[in-house]
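Student: Coordinates for the following, if possible.
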Amino acid sequence: MDLMDIEDLVPEEIGGICGIVAPIVAYIFIGIAMLLNRSWFSWADHALSDLGAVDASYGNVFNVGLVLAGIIGFLFAMAIFRLIETRFGVLGVSLVTASMILLILVGIFPAGNWQHFYVAVGFFALSIIGVALIGTDQLIDLTEPSWGVFLISSVVFTLVVVTLVYRIPYDIGYAIPEVIATIPIMQLALVWGTRLYFE
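Tutor: As a prediction, this is how the structure comes out:
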């Protein structure tokens, strides 16, 4: 199956809607899980994954949200192959697609399973690297350099902020850095989802 076959699997409008909806679904379910577990969950002391841990109350709310967001995000990722120009872009979109599969697996293997750490770290790593490569693709394509600047700036901003957060002299949990680390993939989904839908 060549690139043209891949990009034709998901129509532009459907891919665009999926890009817009995926982060909204993820954040809504995470928000509901936080609300249901407000008696113990703390941004400063926990990881987001604690909301879906095997022994957590209402853990399925968090995990189902990640699975749904991963499935919807996967469809979006398949659709954005049509917006790339170079091998950097092909690799970047492939990594973003793989990161959506890993997001699904984060929900299937919640905290408390040995697989959880690996699929969670893999999701963050592949999504950030993938977005950076897509940004590189757009910079190389001189007709659309502003998209490249936007995506690479998002990645650099995220890495700088996460680094600064960990320099705070406090034993901070993982929830805040995790939310910050989702900024590049969230922006890619929302902005490029809109781009797909209207182009």
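
Student: Can you list the low-confidence ranges for this protein?
Tutor: 1-8, 142 (pLDDT under 70).

Student: Going along the chain, name the strands of it.
Tutor: Using DSSP state E, no strands are found in the chain.

Student: Run the chain-centre distance for stretch 47-54.
Tutor: Stretch 47-54 has its C-alpha centroid displaced from the chain centroid by 17 Å (CA atoms, centre = their mean, to the nearest Å).

Student: what residue lies at the spatial centre of the protein?
Tutor: residue 185 (4.1 Å; CA atoms, centre = their mean).

Student: just checking, that one touches residue 128?
Tutor: Yes. With contact defined as CB atoms under 8 Å, residue 185 counts as touching residue 128 (7.4 Å). Backbone N, C-alpha and C define where each C-beta goes, glycine included.

Student: all helices of the chain, in order?
Tutor: Using DSSP state H, the helices of the chain run over 3-7, 12-36, 59-79, 87-108, 115-140, 145-165, 175-181, 183-198.

Student: closest one to residue 43 among those?
Tutor: In terms of CB to CB, the element of these nearest to residue 43 is helix 175-181, at 5.0 Å.

Student: measure the nearest residue to residue 75 once chain neighbours are set aside to residue 193 for me?
Tutor: Nearest residue to residue 75 in three dimensions, chain neighbours excluded: residue 18, at 4.3 Å (CB to CB, 6 or more residues apart in numbering). Separation of residue 18 from residue 193 (CB to CB, to the nearest Å): 7 Å.
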